[in-house]
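Peer 1: The following block contains a protein sequence and its predicted model.
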Amino acid sequence: MPFATKPTAELYPHQAEVTKWMEDVVAGKISVAKKVRLAVVRHLGDLKKSTKKAYLYWFDAKRASRVISFASLFYLDKKGGKPFKLEPFQKFIVWVLFGWKRKSDGMRRFLFAFITMARGNGKSPFAALLLMILAFFDSPRVLEPEIVLAATKREQTKYVYAEVARFVAQHQELLDRCDIQTRLIKIGKYGMINRLGADGSGEDGGRYHAVVVDELHEWKEKHRKLLDKLRTGLGKDPQSLLIFITTAGNERSKLWNEQYTYCDKVIRGVVQDDEWFIFMAEIDADDNPLDSSCWYKASPNLGVSCFIRTIEAIARKAEHDPLEMLNLLRYYCNVRVRSQARIISEEMWKCGSGKLPSLIGMQCTAGLDLGWNNDLAALALVFGLGAEDDPNRRYAVKCWAWVPEKGPRNLKQEPFRTFIKQGWLQVIPGKSFDPDFLYEQLRVCKELYDVRSIACDKNNAQAVGMYVQKYLKIKFYGFQQSVAKYNAPIKRFTDGLSNGRILHGDNEMLGWFFDNLVVKTDAAGLVMPDKEHSEDKIDGAVATLMGYSEFLHMTDVTFNPYLKRGLRKFEL
């Protein structure tokens, strides 16, 4: 048989190390994810099958070893003093991915690879090394391959691309064959390693040897067309390879979910697909994310490129902060999370209990959420207590809401009946919200407090903005409803609330607003209130966050660096 395997007694370089790692994984001596263990068991099972004539694949240990040795030719630092030393789990990936071949023609067995692990595990340099192997050391030899490094935006490919360019520049033999440019590396006359983003031009007609898709969890439905083009371009090469390298997504990461779900079935044996290589490093379903012993499952490079102290700091905060728990789960435990999450727990809210001090005449900022014309509207005032330069400065929040008497709410039911009785919710005669009533309330607030500015959704409050600036002489800020605006104040607010620095005076209505509040998370982990998926009204919470953001912008140099340079008027 032309592609027979070597006897196991004849070991090639790296074979003993990879074999020992696999034995330790199977024996439970190394803490790995269940799906990583399944990947090892799958490989070992395939080795036994390969001895049978009917099996379609064979394992070339010599070739696998040579590919791993190829990594030692490159250096991680710019000065060339630190060789790229693959860790055992990385050697396993390379060993299996490039060692298996088809008996029929000697071509590579795997046409697809799905590699996922937590943030900080060296995915970028490892992806760059895979690109180098595919471009310059693949077998059978492809002299001028066309390779694509793809992301949702071309800018996002710069990290892996920079590693590839640096690897190429380390060896004159490669430099003689290549032309390193800003957006691509030309290989000979026709080959290239091309940076591609969905924000760039189309890629019809490609004939790709390999495609590396970076951070699949950030790819959205609108990027499907590009991904389909890349896939069809791969079908023209008999030894093409599509590699997904990513961390976990959420339920809105549709393309990631499709690939993850399929690969999960393959690695568990529910679906048989011998052309997929799968490596899923994640904590298991029964693991406690706060238990450091399980972090190695998601971060096999822990202690090498990522450090346990970093995760420990996040875990300590995550124990009391739902937002940080989302970050811990998704980015450091590598498990899918929901894009909506409740961020204020009952314990956190209790930290802000107690009677508020007298706030008459004190400086404050306001947040105004008008909502629908026939439903609730809310106004929140945020006051700073103590010196501006005090890192432990506390803040006080007062909040009121108004509702039309004949609107859609049954005001005789709870909790509205209690809120009305307590005076936090006021009923306006009629079926819709009266702006004159709002203006009167704002005039009263200005008489009682030193209101410096009012923040409100700029899309539905132009008339209000003109009025408060012209007649009340209060600065108005059109607050864009985006993750970019909400992310920082939400995280500062939840942190301050957990540490007893946000005082709410036991305002039950405000507590109800925040209890209803869930946030949605974008691909980058930034958050904002999610009115669509919150259990009930969150107007008071939204108003508070806008008012809190305004106060920080006005007084906190760490939050708004423009203050230090005297540029606040330009920043707004």
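Peer 2: Received the coordinates, thanks. This is a predicted model, so every value here is computed, not measured. Numbering: from 1, shown residues only.

Peer 1: burial measure for residue 29, as a count.
Peer 2: Using other CB atoms under 10 Å, the number of residues around residue 29 comes to 11. C-beta here means a position set from N, CA and C on the backbone, and glycine is covered the same way.

Peer 1: quick one, phi/psi of it?
Peer 2: In terms of degrees, to the nearest 10, the main-chain angles of residue 29 are phi -80, psi -20.

Peer 1: Distance-wise, check it relative to residue 22.
Peer 2: Going from residue 29 to residue 22 by CB to CB, to the nearest Å gives 11 Å.

Peer 1: do the same with residue 145
Peer 2: Taking CB to CB, one finds residue 145 at 30 Å from residue 22.

Peer 1: again with residue 28
Peer 2: To residue 22, residue 28 is 12 Å away according to CB to CB.

Peer 1: Comparing those two, which residue is more hemmed in?
Peer 2: residue 22 (21 against 9).

Peer 1: phi, psi of the nearest residue in space to that one that is not next to it in sequence?
Peer 2: Nearest non-adjacent residue to residue 22, counting by CB to CB, 6 or more residues apart in numbering: residue 40, 4.9 Å away. Main-chain dihedrals, residue 40, degrees, to the nearest 10: phi -70, psi -50.

Peer 1: domains for the protein, by residue range?
Peer 2: Under automatic domain parsing, the residue ranges defining each domain of the chain are 15-287+294-298, 346-571.

Peer 1: which stretch among these comes nearest residue 331?
Peer 2: Closest of those to residue 331 is domain 15-287+294-298, at 4.3 Å (criterion: CB to CB).

Peer 1: now do the same end-to-end measure for the closest one.
Peer 2: The first residue of domain 15-287+294-298 is 24 Å away from its last residue (CA to CA, to the nearest Å).

Peer 1: I'd like the distance between residue 132 and residue 244.
Peer 2: With CB to CB as the criterion, residue 132 and residue 244 are 18 Å apart.

Peer 1: Likewise for residue 459?
Peer 2: With distances taken as CB to CB, residue 459 is found 38 Å from residue 244.

Peer 1: Looking at these two, which one has more neighbours?
Peer 2: More crowded of residue 459 and residue 244, by other CB under 10 Å: residue 244, with 24 against 10.

Peer 1: Tell me if I'm right that the more buried one and residue 213 touch.
Peer 2: Yes - counting by CB atoms under 8 Å, residue 244 sits close enough to residue 213 to count as a contact (5.0 Å).

Peer 1: which one's the longest strand in this structure?
Peer 2: When the chain is parsed with DSSP state E, its longest strand is strand 394-404.

Peer 1: What is the distance between it and the centre of its chain?
Peer 2: Centroid separation for strand 394-404 versus its chain: 33 Å, with CA atoms, centre = their mean, to the nearest Å.

Peer 1: Partner strands of it and their direction?
Peer 2: Sheet pairing for strand 394-404, assigned by DSSP bridges, gives strand 377-385 (antiparallel), strand 425-428 (parallel), strand 502-503 (parallel).

Peer 1: Next, count neighbours for the spatially closest residue to residue 123 that is not a sequence neighbour.
Peer 2: Leaving aside its sequence neighbours, residue 123 sits nearest to residue 245 (CB to CB, 6+ apart; 5.3 Å). Residue 245 is flanked by 21 other residues according to other CB under 10 Å.

Peer 1: which secondary structure elements does the helix or strand harbouring residue 245 contact?
Peer 2: Under the criterion of DSSP states H and E, residue 245 resides in strand 241-246. With contacts taken as 3 or more CB pairs under 8 Å, 6 or more residues apart in numbering; DSSP states H and E, strand 241-246 sits against strand 112-116, helix 123-136, strand 210-214, helix 224-234.

Peer 1: in stretch 503-517, what's buried?
Peer 2: When burial is assessed from 16 or more other CB atoms under 10 Å, stretch 503-517 yields the following buried residues: 503-505, 507, 509-517.

Peer 1: Any chance you could list what contacts stretch 342-353?
Peer 2: For stretch 342-353, the surrounding residues in contact (CB atoms under 8 Å, 6 or more residues apart in numbering) are 320-323, 490, 494, 497-500, 502-504, 506, 511, 514-515, 517-519, 527.

Peer 1: chain center to that stretch: distance?
Peer 2: For stretch 342-353, the distance from its own C-alpha centre to the chain's C-alpha centre is 25 Å (CA atoms, centre = their mean).

Peer 1: For stretch 66-82, buried residues please.
Peer 2: Quick answer for stretch 66-82 (16+ other CB under 10 Å): 66-68, 70-71, 73-74, 76.

Peer 1: Would you pull up how far it lies from the middle of the chain?
Peer 2: In terms of CA atoms, centre = their mean, the centre of stretch 66-82 is found 30 Å from the chain centre.

Peer 1: Equivalent analysis for stretch 129-136, please.
Peer 2: 27 Å.

Peer 1: quick one on the thing from earlier: weakest of the domains of the chain in terms of mean pLDDT?
Peer 2: Note on the domains of the chain: lowest mean pLDDT is at domain 346-571, with a mean of 87.

Peer 1: Show me where the stretch 201-350 of the chain has its strands.
Peer 2: With DSSP state E, counting those that start in this stretch as the criterion, the stretch 201-350 of the chain has strands at 210-214, 241-246, 276-280, 340-342.

Peer 1: Let's have the buried residues of stretch 503-517 in CSV, adding distance to residue 255.
Peer 2: Shown next, in CSV, are those (distance: CB to CB, whole Å):
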residue, distance to residue 255
503, 44
504, 41
505, 47
507, 43
509, 42
510, 39
511, 39
512, 38
513, 35
514, 34
515, 34
516, 31
517, 29
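
Peer 1: which of these lies closest to residue 18?
Peer 2: Closest to residue 18 out of these is residue 517 (49.5 Å), distances taken as CB to CB.

Peer 1: Which residues are in contact with the closest one?
Peer 2: Residues in contact with residue 517 (CB under 8 Å, 6+ apart) are 342-344, 529, 534, 538, 541.

Peer 1: Most neighbours of all those residues, which one?
Peer 2: Highest neighbour count within the contacts of residue 517, by other CB under 10 Å: residue 541, with 29 neighbours.

Peer 1: Surely it is in a helix?
Peer 2: Yes - the assignment for residue 541 (DSSP: H, G, I helix; E, B strand; the rest coil) places it in a helix.

Peer 1: Next, find the distance separating it from residue 510.
Peer 2: Taken as CB to CB, the span from residue 541 to residue 510 is 8 Å.

Peer 1: Same check on residue 189?
Peer 2: Taking CB to CB, one finds residue 189 at 68 Å from residue 510.

Peer 1: same thing with residue 531?
Peer 2: Applying CB to CB to residue 531 and residue 510 gives a distance of 17 Å.

Peer 1: Then residue 459?
Peer 2: Counting by CB to CB - residue 459 and residue 510 are separated by 24 Å.

Peer 1: Run through the residues that contact residue 127.
Peer 2: 149, 160, 163, 212, 214, 243, 245.

Peer 1: Residue 229 contacts residue 206, correct?
Peer 2: Yes - shown here, residue 229 and residue 206 form a contact pair, counting by CB under 8 Å, at 7.2 Å.

Peer 1: and the two? which has more neighbours close in?
Peer 2: Each of residue 229 and residue 206 has its neighbours counted (other CB under 10 Å); residue 229 has more, 20 against 17.
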